[in-house]
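Enquirer: Take this sequence and fold it.
(4 chains)
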2 protein chains.
Amino acid sequence: MADRYHHGNLRAAVLRRAAEVIESEGPYSFSLRSLAADLGVSHTAPRHHFGSREGVLNAIAVEGFQGLAERLRATRAAGGDFLETGVEYVRFAVEHPAHFQVMFAPTLLDVGEPELAAARRAAFAELTTGADTVAPDGGDKPAAVVAGWSIVHGIATLALTGNLDSSGVRALFGDADLLDIARRSAGLLFRHRPSEE
Amino acid sequence: MADRYHHGNLRAAVLRRAAEVIESEGPYSFSLRSLAADLGVSHTAPRHHFGSREGVLNAIAVEGFQGLAERLRATRAAGGDFLETGVEYVRFAVEHPAHFQVMFAPTLLDVGEPELAAARRAAFAELTTGADTVAPDGGDKPAAVVAGWSIVHGIATLALTGNLDSSGVRALFGDADLLDIARRSAGLLFRHRPSEE
DNA sequence: GCCAGAAACTTTCCACTGTATAGTTCGGCC
DNA sequence: GGCCGAACTATACAGTGGAAAGTTTCTGGC
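Expert: The predicted structure follows:
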């Protein structure tokens, strides 16, 4: 099947390779032509499956939102509280850096595409569930949603862009794992309720 | 001076126009050639001042880090606490979206360039000052630094990428200003110390 | 006033990119 | 066995960043 005219599973192969390239070089230098060359197909072959370069990125974003939603759902199903759900958000970003970058870069995407819009909506719905933990009775619940999302999104973004390392902040934690850092940091928001002290 | 052979202030004009283009179309579709055409110069003219496309982005990042550091410094000098400093971080992102995006996209930059490294170091130093507010005596100070930075960075990033709007989260706040949203959200981290209640 | 030399900018060329269109090969179904 | 649609190739085109060499303007010293 290796060198047949029909690649066999070009669509999946493109998505996999694209994620590798974006992970190491960022979404800017990601090139359809060099990617096609890596896979041994003509440079217009991916276009048949995705329509355009933007189509490839859209497909990656869809994969990403679906994967993220599934993870968050599984974490809650396993009894994880809002903090663990947030840590899972960071874990997803670290394990799928290319997907994460593309998901939150709307200038790279066709955000109007129905499949993408649906996947994103579903992931956001998972995300905002359980925000009440942060804002107990009488608290500012909208602010709690933004605070919870922002803190894990911020940690993920700063980590992926290398800014936690290059700023020296990472070093304050010794050799602690990023997920531990996330748990300790987000824990300041999620877990120091007076009623627990 | 308008149509002279020497543009007069091409360097500044390029930086200004580049910020406009990046603000509306993102840093990925930003093109040196169309930018030069907008300014009425040949497409290689910017290269004389910046060396390369990456050089333009580096210069924008330097401007950004310098501006951010100055803002944070001014806020603290005016008596602003750590929360207000964080709100100022968000304000900078909103007012200079192009700069903010480029500053935190290391794959677009030459992060080894000395001027950029210095500007970034200075900004990060301003940023981490005062994190003790979040973690009082005996608290987890490294985690406090990460938490404070992440929550404001997360809000800024989610807002700039339009995800606060498209997720529907923004609507929970009615017509509240983004800076108010930031203040309320980050306030959950910064201001609900038991000793204050 | 003038004249180097440096700075600012243009011209031309190249390799590479994404996209459009037309053509070719293959798999599967009737 | 033939045919149709899906998968892929070939070719062409406009746009991109970059390299190199040439042209115009500014500046400083006399």
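Enquirer: show me where chain A has helices.
Expert: For chain A, the helices defined by DSSP state H occupy A:10-25, A:32-39, A:45-50, A:53-77, A:82-95, A:97-103, A:114-128, A:141-160, A:163-166, A:178-190.
Enquirer: okay, these in a markdown table with mean neighbour count next?
Expert: In short, each C-beta sits where N, CA and C put it, glycine included. Converted to a markdown table, the helices of chain A look like this (neighbours: other C-beta atoms under 10 Å in any protein chain shown):
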| stretch | mean neighbour count |
| --- | --- |
| helix A:10-25 | 17 |
| helix A:32-39 | 16 |
| helix A:45-50 | 17 |
| helix A:53-77 | 20 |
| helix A:82-95 | 22 |
| helix A:97-103 | 24 |
| helix A:114-128 | 17 |
| helix A:141-160 | 26 |
| helix A:163-166 | 17 |
| helix A:178-190 | 22 |
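Enquirer: got the ones you listed as CSV, with distance to DNA strand C and mean pLDDT columns?
Expert: Shown next, in CSV, are those (distance: least, C-beta to the nearest atom of the strand, whole Å; pLDDT from 0 to 100):
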stretch, distance to DNA strand C, mean pLDDT
helix A:10-25, 10, 95
helix A:32-39, 3, 96
helix A:45-50, 6, 95
helix A:53-77, 4, 97
helix A:82-95, 24, 96
helix A:97-103, 14, 98
helix A:114-128, 16, 94
helix A:141-160, 22, 96
helix A:163-166, 27, 94
helix A:178-190, 31, 94
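Enquirer: now those helices in TSV, with distance to B:Gly51?
Expert: Shown next, in TSV, are the helices of chain A (distance: least, C-beta to C-beta, whole Å):
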stretch	distance to B:Gly51
helix A:10-25	20
helix A:32-39	24
helix A:45-50	33
helix A:53-77	27
helix A:82-95	33
helix A:97-103	26
helix A:114-128	37
helix A:141-160	27
helix A:163-166	22
helix A:178-190	35
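Enquirer: A:Asp177: neighbour count?
Expert: 10 (other C-beta atoms under 10 Å in any protein chain shown).
Enquirer: looking at the helices of chain A, which is closest to chain B?
Expert: helix A:141-160 (3.0 Å; C-beta to the nearest C-beta).
Enquirer: helices or strands up against that closest one?
Expert: helix A:82-95, helix A:97-103, helix A:114-128, helix A:178-190, helix B:141-160, helix B:178-190 (3 or more C-beta pairs under 8 Å, 6 or more residues apart in numbering or on different chains; DSSP states H and E).
Enquirer: Next, format those as a markdown table and append distance to B:Val21.
Expert: Shown next, in a markdown table, are the helices and strands packed on helix A:141-160 (distance: least, C-beta to C-beta, whole Å):
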| stretch | distance to B:Val21 |
| --- | --- |
| helix A:82-95 | 28 |
| helix A:97-103 | 21 |
| helix A:114-128 | 25 |
| helix A:178-190 | 34 |
| helix B:141-160 | 15 |
| helix B:178-190 | 23 |
